[in-house]
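> fold the following, please.
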Amino acid sequence: MQGKQAYTDIRTGGWVSNLPPAWRPYALLMRADRPIGSWLLFLPGLWGIALQATGWLQGIWLILLFFVGAVVMRGAGCVVNDLWDRDIDRLVERTRGRPLASGAVSPRQAVAFLALLCTIGLLVLLQLNWTAIWLGVLSLLPVLLYPLAKRVTDYPQLMLGFTFGWAALMGPVAASGGFSLAMLVLYVATIFWILGYDTIYAHQDREDDAMVGIRSTALKFGARTRPFLAGCYAMTLALLALTGWISGLNSWFYIALAMPAALLIYQVVDLDIYNPGHCLTLFKLNREVGLLAGLAIVIGRM
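Now for the predicted structure:
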């Protein structure tokens with residue numbers, strides 16, 4: 001029991017510990033201590049930009065914009081989530097140290113910080129074309145709905161897929177100015193990917209979530225998670241391959257796709273739902289999955 005009580009994924013050390021004391025709670029509130037979430041929000045946009053960028057200069061510029069936007073908007077999403085969940089977070093061992101749950105940041109201070117993050121995000125968004133701007137505004141709807149999903153459905157990870165995968169739509173639109181069948185297929189691929197990896201992540205809180213009434217695919221499938229995860233990742237790979245075919249990518253794309261496929265298969269095989277630390281390790285491995293998939297798309301366009 002002592003080991004379980006000590007478990008948390010909050011990291012107060014590292015570069016965050018070098019910030020002025022008054023800044024540290026806000027860095028923790030936006031999960032700056034754990035950049036994996038920003039990476040996972042950014043990577044679908046990277047896929048979309050790699051798929052439809054008209055040139056290297058445009059692609060690099062959009063990648064920089066999307067990366068900054070992912071950092072601040074992931075932070076904003078975390079603030080919204082913690083405002084909704086601060087009472088529940090106090091009851092869950094992994095989350096009770098979060099700034100709102102612990103009282104290090106007040107709700108009023110969190111709302112002011114949220115406004116700052118959204119302002120920065122808006123400035124980034126205004127660098128894009130008008131179609132992408134309106135698509136970005138529309139993304140606020142799933143962002144606001146996600147914290148509610150865990151209270152009303154066994155599939156809140158699916159809502160996260162719609163939310164975190166949104167950049168797979170925005171990236172191509174920012175690059176080309178319009179919609180295409182390939183980008184829609186790519187978006188669905190990201191949804192299945194996110195549904196899978198966030199199920200792994202949710203197994204960290206499975207017992208606490210059951211106690212406080214939070215629902216998740218981790219609780220829904222329990223010991224049957226492995227085949228569910230295999231299905232999600234198989235759909236991800238199939239839809240990525242379909243995206244490549246629709247886009248006319250060369251055969252090297254399919255060869256390079258074997259690299260992220262190997263990491264996804266490894267997650268399925270090595271999954272241990274009773275080891276929360278290992279679940280976090282497998283979850284973080286999806287940064288490399290996303291980068292390798294993006295590389296495969298770039299190779300396929302050469």
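
> okay, now W84: neighbour count?
17 (other Cβ atoms under 10 Å). C-betas here are computed from N, CA, C, even on glycine.

> swap that for M211, sorry
Count around M211 with other Cβ under 10 Å applied: 11.

> skip the chain neighbours and tell me the closest residue to it.
Among residues not flanking M211 along the chain, L91 sits closest, at 7.2 Å (Cβ to Cβ, 6 or more residues apart in numbering).

> residues near the one you found, how many?
16.

> and for I214?
A total of 19 residues lie near I214 under the criterion other Cβ under 10 Å.

> got any ranges where the stretch 201-302 of the chain has weak pLDDT?
Counting by pLDDT under 70, the stretch 201-302 of the chain shows no low-confidence range.

> picking that back up, contacts only, for the residue nearest to M211.
D208, M211, V212 (Cβ atoms under 8 Å, 6 or more residues apart in numbering).

> only the C-alpha atoms, please, for stretch 280-293, written as PDB.
Taking Å, rounded to 0.1, in the frame of the first residue of the first chain, the C-alpha atoms of stretch 280-293 are listed here in PDB:
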ATOM      1  CA  LEU A 280       3.400   5.300 -18.300                       C
ATOM      2  CA  THR A 281       6.600   4.100 -20.000                       C
ATOM      3  CA  LEU A 282       4.600   2.500 -22.800                       C
ATOM      4  CA  PHE A 283       2.400   5.500 -23.200                       C
ATOM      5  CA  LYS A 284       5.400   7.800 -23.600                       C
ATOM      6  CA  LEU A 285       6.800   5.500 -26.300                       C
ATOM      7  CA  ASN A 286       4.100   7.000 -28.600                       C
ATOM      8  CA  ARG A 287       6.200  10.100 -29.100                       C
ATOM      9  CA  GLU A 288       8.700   7.900 -31.000                       C
ATOM     10  CA  VAL A 289       5.800   6.300 -32.800                       C
ATOM     11  CA  GLY A 290       4.500   9.600 -34.000                       C
ATOM     12  CA  LEU A 291       7.900  10.900 -35.000                       C
ATOM     13  CA  LEU A 292       8.600   7.800 -37.000                       C
ATOM     14  CA  ALA A 293       5.200   7.900 -38.700                       C
END
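
> show me what it is in contact with.
Residues outside stretch 280-293 that contact it (Cβ under 8 Å, 6+ apart): 9, 36, 39-40, 43-44, 46-47, 193, 197-198, 200-201, 204, 240, 256-257, 259-260, 263-264, 266-267, 270-271.

> now, the residues you listed that are in helices?
36, 39-40, 43-44, 46-47, 193, 197-198, 200-201, 240, 256, 259-260, 263-264, 266-267, 270 (DSSP state H).
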